[in-house]
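Participant: here is a sequence together with a model predicted from it:
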Amino acid sequence: MPEKRIHSELYEDYEVIKGVMQTYEKIGSHFSQTRFHPWPEVGKFLEELSGDIALDMGCGNGRHSELLSKCVERVVGVDMSSMMLLETSNRGKSNGFEVNPIRGNVMELPVQTGCVDIGVYVATIHHLPTTECRIASLNELERVLVAGGTAIVGSWCTEHERFEEGKGFDTLVNWTLPDGTVVPRYYHIYDIEEFERDVNASRLEVIEIYSNEGNCYSVVSKG
C-alpha cells in the first residue's frame, strides 16, 4: 500500500540522517583538528554584511560561526551532533567569540520564524539523503530569515577533481581516525544543474548560483 511505502521511505531517510549524526559523534574531535579554516566563499559573502542575529546551519566545529560573530550581535549554531556542538563551544572560548550552540535538525530548525538576518548553510545539505529532505531544509532557512535577510548555501559538487561522475550521485566517503578506524560518511554529491533545481524549488529567492573549486554555491534571500 502507498502509505506503507511512504512510511518506509521516511524511516530510511531518518536512518541515513541518524547515521550521519553518529558518524560526527565518533569523528568530531579529529574532524575539528583537520577542518579548522572556513570555506573561502563564506568570507567573501560576509564582506560588508551586518545584522543582529546570524544562523550557522550545520555549524560543525564553529569555523563559520566565528566569521559570523564579526558581523552580528548574536550567532546561533545548529547541529545534530552534540560532539560538534561541544567543538563549536570550545572554539568560541578559545578564540574569544560568542556563539549559542543548539542541538537540532536543519529540516525542523529550533529557531523562531523571521528572526535571522544572515544565514550560512554550508557543508551540510549534502548529508541529507533525498531531494525532499534537502528542499525542506532550504524552506526552513527561508522561514527563519527576516524579510530582506540573506544567506549562502554551499555543497560538494561533481566538478571537484576527486569525482569522475558528471551527474549528481549518492556515495559514502570514508573518514580515517588516528587509530586506523574507518568511519563512512553519507554524501549526496550535487551536479550544478541539480543544485540549481533544488534551490529554485524552495521558497528562497535566488540571487546567484555558481560553482567554485569543486563546490556549488547559492546566495539567497527572503523577499
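Facilitator: Happy to help now that I have it.

Participant: with adjacent residues omitted, what lies nearest to the residue positioned nearest the centre of the chain?
Facilitator: The centre of the chain sits closest to Thr124, judged by Cα atoms, centre = their mean, with a distance of 2.8 Å. The spatial neighbour of Thr124 that comes closest, neighbours along the chain excluded (Cβ to Cβ, 6 or more residues apart in numbering), is Gly58 at 2.6 Å. Any C-beta I mention is one placed from the backbone N, CA and C, and that applies to glycine too.

Participant: residues contacting the one you found?
Facilitator: 78-79, 106, 121-125, 127 (Cβ atoms under 8 Å, 6 or more residues apart in numbering).

Participant: buried subset of those as a ChimeraX selection?
Facilitator: For the buried members of the contacts of Gly58, the matching ChimeraX selection, counting by 16 or more other Cβ atoms under 10 Å, is:
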select :78,79,106,121,122,123,124,125,127
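
Participant: can you tell me which of the contacts of Gly58 is nearest Cys115?
Facilitator: Taking Cβ to Cβ as the measure, Cys115 lies nearest Val78 of these, at 13.0 Å.

Participant: who touches stretch 85-96?
Facilitator: Under Cβ under 8 Å, 6+ apart, the answer for stretch 85-96 is 28-29, 31-32, 59-63, 65-66, 69, 77, 79, 98-99, 101-103.

Participant: looking at those, which are in strands?
Facilitator: If you go by DSSP state E, those have 77, 79, 101-103 in strands.

Participant: which among those residues count as buried?
Facilitator: 77, 79, 101-102.

Participant: among these, which two are most distant?
Facilitator: The span of these, defined through Cβ to Cβ, is set by Asp79 and Ile102 at 8.1 Å.

Participant: drop anything exposed from the contacts of stretch 85-96.
Facilitator: Buried, going by 16+ other Cβ under 10 Å: 28, 31-32, 59-63, 65-66, 69, 77, 79, 99, 101-102, out of these.

Participant: for the residues you listed, which one is nearest Glu132?
Facilitator: Taking Cβ to Cβ as the measure, Glu132 sits nearest to Asp79 out of these, at 21.1 Å.

Participant: pretty sure that closest one sits against Gly60.
Facilitator: Yes: counting by Cβ atoms under 8 Å, Asp79 does reach Gly60; the two are 6.4 Å apart.

Participant: host element of the closest residue to Pro184 other than its chain neighbours?
Facilitator: Distances taken as Cβ to Cβ, 6+ apart put Leu172 closest to Pro184, at 4.1 Å, once the chain neighbours are dropped. Using DSSP states H and E, Leu172 sits within strand 169-176.

Participant: give me the contact list for the very next helix or strand once past that strand.
Facilitator: Note on strand 169-176: by DSSP H and E, the next helix or strand toward the C-terminus is strand 182-189. By Cβ under 8 Å, 6+ apart, the residues outside strand 182-189 that reach it are 16, 19-20, 23, 26-27, 126-129, 134, 156-158, 160, 163, 165, 168-177.
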